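[1] Have a look at this prediction, sequence included:
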Amino acid sequence: MNLLPFGKLPPAKPRTFIPKTVNLGDWAQIAPLFDQLETRAAHAKSAAELERWLLDWSELNAALDEEASRRYIAMTCHTDNPEAEKAYLYFVEHVEPQTKPRQFALEKTYVAHPSRAELLKVETPVAKPARAKKAKTNAPGRRPALQPRYEVFDRDLKNHVALFRPENVALETEEAKLCQQYQKLIGAQTVKFRGEEKTLVQMGRFLEEPDRALRQEAWELVAQRRLQDAEKCDEIFDELIQLRAKIAQNAGFKNYRDYAFRQKCRFDYTPADCTKFHKAIETEVMPAVRKIQDERRRQLTLEKLRPWDLAVDPHNRAPLKPFAKVGEMVSRTQKIFNHLDGEFAAGFKQLHDLKLLDLDNRKGKAPGGYQQNLSESRVPFIFMNAIGVQRDVDTILHEAGHAFHAQATRHEDLYAYRGAPIEFCEVASMAMELLGNEFLEEFYATPEANRARKVHLEGIIGFFPWMAVVDAFQHWIHTHAGHTRMERKAAYLKLMDRFGGDVDWSGWEVMRAHSWHRQLHIFIHPFYYVEYGIAQLGALQVWANSRRNQAKALNDYKKSLALGGSRPLPELFHAAGCSFEFDAATIKPLIRLAGNELKKL
């Protein structure tokens, strides 16, 4: 039974190391490949031989990653399918725990290899900056600038070797199983609304309805349903905290936060920088948030804003309805990319032609949206839950940005460089939202397109405080070992008071205290959220650059995507024409630009 929307995809390049017939879901067939790599490493006598060995190892990593991705995609597309769940859990429980120590053995072999120092001398040309003058670049006798080919790969691998502990493999397996329990729990949440069963995602459209009583009814029904699972969510999370604390302790860290920063290769910023970021949001963004909220309250002629008043159009116009069927969303999005850039247009068409899209919302489908790389085929897959609201347009543009990033690195043979730090991956996606929004007339007449742009910019401004809540909350959670649920609740509510703005939760204080349960990152991707804030600053800079010189900004953006993960994070930002800073001085002019644009709209 094929549970994937796409069929068999050929490898981007013919395999030179892995047999075509190997079953990558069977450890007995995978193990000999690791044996061969270990044996060959001992016989590699030069940088060239070590490099060939790295590429074969890369081929195996890409194939295993695609096998894991296929099972994850099938499971999230069908959380209620026992076959998909069984296949995913089998890989998590019986294959990944076997691969991790073998991967570590190869990493140690590489770090200690006598030819490693020679390999680090291998250089690659630096991509020519867009602003460079052609005459100088092509001057007679002028050699292109070079940079170390394996600098970032070597740094990250050394870090991983330093962190690996065999005893953590079993703990990480338990962690993955708990995360799957959370996804299954949330994916099964439905409500009966006016005679029809609906997912909580589908209920979101009613929060845009002008009828305030209807909005309240819908919001309260969803809140009540979420609270039914609050105890179970807390139980899962308590177990996750304990597991993660033990993982950090085993690796020699005093808390999971410090471990997570190292594990995520955050060499370019610190927890203290995140705290500075939170403070800058408080001083530079919160005034703009409160201004937007106050304007909304006045336009709705309300004494106080309630949680069900935040998504409706403040002029009580009917919700924006960009499309009725998912097929319409796909065709209109294609037209946006046709306007924006030929390469992006071709890339999105590939996704449609190869059936690499699962976009509609349905019962039994995991919440949220993501882009997943199929690493051996070197093509991206997009998953989302479209219900016909403007947020869906933002999401498809966002995930397409990730997909274009993956397509831009398709030429890269080193598996590790076909990805990039999350902080920059999200620049790719968030910038695409802003760039694509310039052509929203493919979905709407101009007045409605401007309305959608206004909602989007207000959403960007409003996102920063929620990002600060999620990030600061995780800093607190993982640096306060042994805390009680009541202490955790108090810490969260303190952050909500600081960053929640002027919204009245009277009568729903319990829901406010548990509102973090809906943020899946806290459960399944710990400390993966500040990246969105850092990246949003980069995306706003790309957008600001495009206002000054669209062609150059787009060219810089595309060149930065093509770098993949081959350069350190600040260099990736600089290649895109952005500053890698997230302090008040960086934020202030960007919030001012967004505010000025809102006035025009």
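    Nice, I can see it. Residues are numbered from 1 along each chain as shown.

[2] who does whatever helix or strand residue 236 lives in touch, helix- and strand-wise?
    Applying DSSP states H and E as the criterion places residue 236 in helix 230-250. With contacts taken as 3 or more C-beta pairs under 8 Å, 6 or more residues apart in numbering; DSSP states H and E, helix 230-250 sits against helix 167-187, helix 256-263, helix 520-524. C-beta here means a position set from N, CA and C on the backbone, and glycine is covered the same way.

[3] Report the inter-axis angle for that helix versus helix 167-187.
    Relative orientation of helix 230-250 and helix 167-187, computed by axes from the mean of the first three to the mean of the last three C-alpha atoms, to 10 degrees: 160 degrees.

[4] Just the mean pLDDT for helix 230-250, thanks.
    Averaging pLDDT along helix 230-250 yields 97.

[5] Go through the helices and strands packed on helix 230-250 and pick out the most buried.
    helix 256-263 (a mean of 20; mean count of other C-beta atoms under 10 Å).

[6] quick revisit: output the helices and strands packed on helix 230-250 as CSV; include the columns mean pLDDT and distance to residue 487.
    Below are the helices and strands packed on helix 230-250 laid out as CSV (pLDDT from 0 to 100; distance: least, C-beta to C-beta, whole Å):
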stretch, mean pLDDT, distance to residue 487
helix 167-187, 93, 21
helix 256-263, 97, 16
helix 520-524, 94, 16
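
[7] Could you export those to CSV, including columns for distance to residue 389?
    Output for those, formatted as CSV (distance: least, C-beta to C-beta, whole Å):
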stretch, distance to residue 389
helix 167-187, 19
helix 256-263, 34
helix 520-524, 19
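
[8] Nearest to residue 388, out of the ones you listed?
    Evaluated with C-beta to C-beta, the helices and strands packed on helix 230-250 place helix 167-187 nearest to residue 388, the distance being 20.1 Å.

[9] end to end, how far does stretch 182-197 reach?
    21 Å (C-alpha to C-alpha, to the nearest Å).

[10] Same question for stretch 518-534.
    OK, stretch 518-534 end separation, C-alpha to C-alpha: 22 Å.

[11] And the contacts of that stretch?
    Residues outside stretch 518-534 that contact it (C-beta atoms under 8 Å, 6 or more residues apart in numbering): 179, 182-183, 186, 226, 233, 236-237, 240, 244, 256-257, 260-261, 264, 269, 274, 277, 281, 367-368, 421-423, 425-426, 430, 463-464, 467-468, 470-471, 473-474, 478, 516, 582.

[12] buried subset of those residues?
    179, 182-183, 186, 226, 233, 236-237, 240, 244, 256-257, 260-261, 264, 269, 274, 277, 281, 367-368, 421-423, 425-426, 430, 463-464, 467-468, 470-471, 473-474, 478, 516, 582 (16 or more other C-beta atoms under 10 Å).

[13] Which pLDDT does the model give residue 503?
    So, for residue 503, pLDDT stands at 97.

[14] That one belongs to a helix?
    No - applying DSSP: H, G, I helix; E, B strand; the rest coil, one finds residue 503 to be coil, outside a helix.

[15] which residues touch it?
    Applying C-beta under 8 Å, 6+ apart to residue 503 gives the contacts 293, 304, 305, 306, 307, 310.

[16] could those residues go into CSV alongside secondary structure, neighbour count and pLDDT?
    As requested, these are arranged in CSV below (DSSP: H, G, I helix; E, B strand; the rest coil; neighbours: other C-beta atoms under 10 Å; pLDDT from 0 to 100):
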residue, secondary structure, neighbour count, pLDDT
293, helix, 18, 97
304, coil, 10, 97
305, coil, 17, 97
306, coil, 19, 98
307, helix, 19, 98
310, coil, 15, 96
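
[17] what's the closest of the residues you listed to residue 58?
    residue 310 (46.2 Å).

[18] So what does the nearest residue to the closest one once chain neighbours are set aside have for phi and psi?
    Nearest residue to residue 310, sequence neighbours excluded (C-beta to C-beta, 6 or more residues apart in numbering): residue 503, at 7.0 Å. Residue 503 adopts backbone torsions of phi -130, psi 130, taken as degrees, to the nearest 10.

[19] Give me the distance between residue 503 and residue 377.
    45 Å (C-beta to C-beta, to the nearest Å).
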